[in-house]
Every structure is written in C-alpha cells, then in structure tokens.
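> No sequence on hand, only this structure:
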C-alpha cells in the first residue's frame, strides 16, 4: 500500500485557518508552513507508512490544461508571495521528514498522484489517496481508499457513488457535464449535479451518452427533451471539459518504486529548519517521535 498526499489541500487549509500573525524570526508568516508540517507529522505518526509520496502544485498557469484551454483556472488570483514562500518551505520540510515529494511545471498534483497510483497498481499495490478534492476520487479502483484526513472520513472504491453521486470511473464525465467553477471549466448549460448523476446511471460514460442521445428524450428525467437538446448543442464544450477534468494515468514521468520508500527524518536538517522559521517545541517533539519509530 502507498499513501499519496495532495499537499496543496493542506497548505491552503492552514493558510486560511491559521492567522498570518504567526511569523518567523525574519518577520515572514509561517502559518501555512506550521499547519502543513503538523498535518504531515500527524499523518506519519498515525499511519507509519512504508511507502508514501507527496505531490505539490507549481503549475497554476503552465500545465498542459492551459494549452488545451487558456481560460483554465484564469478566475483564480495569483498566489501571494508569502504563500509561494511557504509552499517552497513545505516542500523542504517534507524532504527533511524523510518523505518523497514531487512537483512538475507541466502536470498538476492530481496528475502526479494519478500517474503514481497507476504505476503502483501495475506493481500490485493499492493506494490511499489523502485529499479533500473530490476530483481525485476518480482514481480509485478496487482496494483503494479515499481519505479526507481533515474530515476524518475514509471511503472505499464501492462507497464513492453513495457519497459523491457517481462511480469513480464516471467522475470526470460527471464534471464535464456540470462544469467546475473552481477551476473555471465550462460544462453543459442547464445540466446540474442531480441531472448529470441521473444521466450517468443510464449511460456508462460521456461517449455512451452521446452515442445514445436519441434515447435521452424518453428517459424518466424531468425536462428530458430539453436536456437532449442542450447536450446536442454543447457537445464540443462537454468533450473539451472532459479533457480538463480527466486525470491521466500516464504523465510521461518515469517513476521508480524505490523512490516512494519513506526514510528516517534528517534531525540535523530539521533542527536548522525549525530554527530558521521559528517553529517551536511541538513540531520538534513530533519529529523526535517520528524518528524514534525507525529505531524500534
């Protein structure tokens, strides 16, 4: 089993939930860094994974999706310099804790997690995907777990439909129909979550839906005739959206299984890091406990 962590979720959560009055010796905020480090330390203490990888986003405007659709995520404000600084520090402390971390200018964290999950599946390993991003549920297969760590909720593959509306394999198609305002992805106007879920109960995929458009008008769905017309009119938009919502299994990166093995924390490096950023006793004691697990 491998733990695949969507770092950005937890960095942003700390950035927004912990006051930026928490600063280091140089006067820079360390709120996101502190919250993320505490989260990662808790995860390591609680789960003690042998194999783990943390994926970071550094491709807000440079991912391959921006080439497909220049307006992708164009609704988001650029990250403040203070947040960028803390993201870099989060990557550094991840390595110091002995945890492999990955980032790409072309691929987002979701894509890296998708590629790693697929790679490890071919090696016979299941994955625990640690995130709050429902998009990542599309990666689950039999034996995998979606873990909303902050909400303390775990969902197995067979529980995704009950909780998210559709089976994992249909989530990308579901989002292609509804669109995704957070990422500025267009959908089919007038198709909401309920309608999209009902359509994907009748059709196994977006391709099957469009192949069976003639049957849509006769479905027992409110406004079925108008839904068929909307789907016909906005076919190109739906397929464009699916290129954006689908997480690829092949990201063109050559992973090696040995890269995912967790190592003991580098206590000397951590001591210097904590001193530099003014991070106190709580994190130091936690790092000591994590290091002690390697000595047993």
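Nice, thanks for sending it over. Remember, it's a predicted structure, so these values are computed and weren't measured experimentally.
> This protein - how does it break down into domains?
2-165+249-277, 168-245 (automatic domain parsing).
> Could I get these in a markdown table, plus columns for mean neighbour count?
In this view, the C-beta of every residue, glycine as well, is placed from N, C-alpha and C. Rendered in a markdown table, the data for the domains of the chain read as follows (neighbours: other Cβ atoms under 10 Å):
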| stretch | mean neighbour count |
| --- | --- |
| domain 2-165+249-277 | 18 |
| domain 168-245 | 17 |
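> Between those domains, which one is closest to residue 294.
domain 2-165+249-277 (4.3 Å; Cβ to Cβ).
> What mean pLDDT does that closest one get?
Averaged over domain 2-165+249-277, pLDDT sits at 94.
> do the same with stretch 210-223
The model assigns stretch 210-223 a mean pLDDT of 86.
> Can you get me the start-to-end distance on it?
The separation between the terminal residues of stretch 210-223, taken as Cα to Cα, to the nearest Å, is 17 Å.
> Name the residues that touch it?
If you take Cβ atoms under 8 Å, 6 or more residues apart in numbering as the criterion, stretch 210-223 is touched by 195, 198-199, 202-203, 209, 224-225, 227-228, 231-232, 235, 238.
> Now render the domains of the chain as TSV, adding distance to residue 290.
Shown next, in TSV, are those (distance: least, Cβ to Cβ, whole Å):
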stretch	distance to residue 290
domain 2-165+249-277	5
domain 168-245	32
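> Out of these, which gets nearest to residue 291?
Of all these, it is domain 2-165+249-277 that lies closest to residue 291, at 4.8 Å by Cβ to Cβ.
> what separates that closest one from the chain centre, distance-wise?
7 Å (Cα atoms, centre = their mean, to the nearest Å).
> same question, stretch 160-178
15 Å.
> 3 is where my numbering starts, stick with that
Let's use 3 as the start, then, which means that last one is stretch 162-180.
> Among the contacts of stretch 212-225, show me the least confident.
On pLDDT alone, residue 226 ranks lowest of the contacts of stretch 212-225, at 79.
> Okay, it and residue 243: tell me how far apart.
Look at residue 226 and residue 243: by Cβ to Cβ, to the nearest Å, they are 21 Å apart.
> what do you get for residue 236?
Residue 236 is 9 Å from residue 243, by Cβ to Cβ.
> looking at it, residue 229 is touching residue 193, isn't it?
Yes - between residue 229 and residue 193 there is a contact under Cβ atoms under 8 Å: 6.9 Å.
> Mind listing the shared neighbours of those two?
With Cβ under 8 Å, 6+ apart as the test, residue 229 and residue 193 both reach residue 201.
> For the helix or strand that residue 114 is a member of, name the packing helices and strands.
If you go by DSSP states H and E, residue 114 is part of helix 111-124. If you count contacts as 3 or more Cβ pairs under 8 Å, 6 or more residues apart in numbering; DSSP states H and E, helix 111-124 packs onto strand 4-8, strand 54-57, strand 129-132.
> which non-adjacent residue is nearest residue 244?
Closest residue to residue 244 in three dimensions, ignoring its sequence neighbours and counting by Cβ to Cβ, 6 or more residues apart in numbering: residue 178, at 3.8 Å.
> That concludes my questions; thank you for your assistance.
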